[in-house]
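**Q** structure, please.
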Amino acid sequence: MNLLKDLRYSIRSLLKHPGFSALVVITLALGIGANTAIFSLVQAVLLRSLAFPESNKLVVIKDQNGKTGETIPSVSPADFFDWKRQSQSFTTLAAYSGGPITLLEGEESELIPAARVTDEFLSTLGAQPMLGRAFAPEEFKTGSNVIILSHRLWQRRFGGDPNIVAKTLAVSQGRVTVVGVMPPDFKLPAYAEAWTPLGQDSGEMQLRASRYFDTVARLRPNVTLPQAEAEMQAISARLASQYPEADRHLARNSGR
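**A** Got it, this is the predicted structure:
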């Protein structure tokens, strides 16, 4: 019953993303009292094709509570970076998290739904801005004041200004420089009107019990889904053994 519920939820979520209409979801057991997953692989195959290159290689990785069978939609920053360091199944592995900003340009301020992203976010998807550039590696440091706009925000707030790149915008945190504008069909996550780089050198990246990163990864050529799943199961079990406090915190939150 849980499997059918999770599959329906995955399909409904994916249908909300026009550019992300089919994905493979690898679900990992967290190892709370169990070393294997209750179910380990859900493949959501929908009718519409993906807009991204070699979309059949894109996967989303999720946790699962080994005691309750509950699928945990997000991962902690610390676990994500351990996945990235230890896995060999993916060419790239990226994460993103909601991070709204208050835009102070113009006559009225506006709260803009935005996403903070890690360094391989766009390259994992095979996406590039239609204007300007992607974030540079050095911009994934605490204090980097750059932003990429969605096509709809660029049109709505800035009238499609072709010279928007390199302009600075006033936001509640100070000023940010526009480095790019995404194509109109890029909508991941669906709510995002802008993207900013995650400061990967911050203390936030050490958080292990707080799970709020969503992931996307690209399989290496010749790596199968079962191979990637097996590797990620091993990494998940290793982390659960190494950091049992994080799992106990999750078990309490799950009502156990």
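
**Q** strands along the stretch 51-200 of the chain, start to end?
**A** Secondary structure of the stretch 51-200 of the chain (DSSP state E, counting those that start in this stretch): strands at 58-64, 71-72, 90-98, 101-103, 110-112, 114-117, 131-132, 146-149, 168-171, 174-181, 194-197.

**Q** averaged pLDDT, the last one. What do you get?
**A** This means strand 194-197. Average pLDDT, strand 194-197: 96.

**Q** that strand - which strands sit beside it in the sheet, and in what orientation?
**A** Here strand 194-197 is paired, per DSSP bridges, with strand 114-117 (parallel), strand 146-149 (antiparallel).

**Q** show me the contacts for Gly143.
**A** Residues near Gly143 by Cβ atoms under 8 Å, 6 or more residues apart in numbering: Gly199. All C-beta spots, glycine's among them, are computed from the backbone N, C-alpha and C.

**Q** figure out which of the strands paired with strand 194-197 is closest to Ile61.
**A** strand 114-117 (15.9 Å; Cβ to Cβ).

**Q** touching the closest one from outside, list them.
**A** 94-101, 135, 147, 189, 191-198.

**Q** hmm, 6 Å instead?
**A** Tyr96, Ser97, Gly99, Pro100, Ile101, Pro189, Ala192, Ala194, Trp195, Thr196, Leu198 (Cβ atoms under 6 Å, 6 or more residues apart in numbering).

**Q** quick one, what contacts Ser210?
**A** Shown in contact with Ser210 (Cβ under 6 Å, 6+ apart): Ser76.

**Q** quick check, it in a helix?
**A** No: going by DSSP: H, G, I helix; E, B strand; the rest coil, the assignment for Ser210 is coil, not a helix.

**Q** from Ser76, how far off is it?
**A** 6 Å (Cβ to Cβ, to the nearest Å).

**Q** now swap in Thr92 and tell me
**A** Thr92 is 20 Å from Ser76, by Cβ to Cβ.

**Q** between these two, who's got more neighbours?
**A** Using other Cβ atoms under 10 Å as the criterion, Thr92 and Ser76 rank with Ser76 on top: 24 against 19.

**Q** so the more buried one touches Asp214, yeah?
**A** No: in this structure Ser76 lies outside contact range of Asp214 using Cβ atoms under 6 Å: 11.8 Å.

**Q** follow-up on the earlier one: can I get the strands paired with strand 194-197 in TSV including mean pLDDT, distance to Val171 and mean neighbour count?
**A** Below are these laid out as TSV (pLDDT from 0 to 100; distance: least, Cβ to Cβ, whole Å; neighbours: other Cβ atoms under 10 Å):
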stretch	mean pLDDT	distance to Val171	mean neighbour count
strand 114-117	96	10	23
strand 146-149	98	8	24
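
**Q** out of these, nearest to Leu131?
**A** Here strand 146-149 is closest among the strands paired with strand 194-197 (Cβ to Cβ), at 8.7 Å.

**Q** export the helix or strand Gln233 falls within as CSV, just CAs?
**A** Here Gln233 sits within helix 225-242, counting by DSSP states H and E. Below are the C-alpha coordinates for helix 225-242, written out as CSV (Å, rounded to 0.1, in the frame of the first residue of the first chain):
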residue,chain,number,x,y,z
LEU,A,225,19.9,1.4,-12.0
PRO,A,226,20.4,-1.8,-9.9
GLN,A,227,24.2,-1.0,-9.7
ALA,A,228,23.6,2.6,-8.6
GLU,A,229,21.0,1.4,-6.1
ALA,A,230,23.3,-1.2,-4.6
GLU,A,231,26.1,1.4,-4.2
MET,A,232,23.8,4.0,-2.6
GLN,A,233,22.3,1.4,-0.3
ALA,A,234,25.8,0.6,0.9
ILE,A,235,26.6,4.3,1.4
SER,A,236,23.3,4.8,3.2
ALA,A,237,23.9,1.9,5.6
ARG,A,238,27.5,3.1,6.3
LEU,A,239,26.3,6.7,7.1
ALA,A,240,23.5,5.3,9.3
SER,A,241,26.0,3.3,11.3
GLN,A,242,28.5,6.2,11.5
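
**Q** great, nothing more from me.
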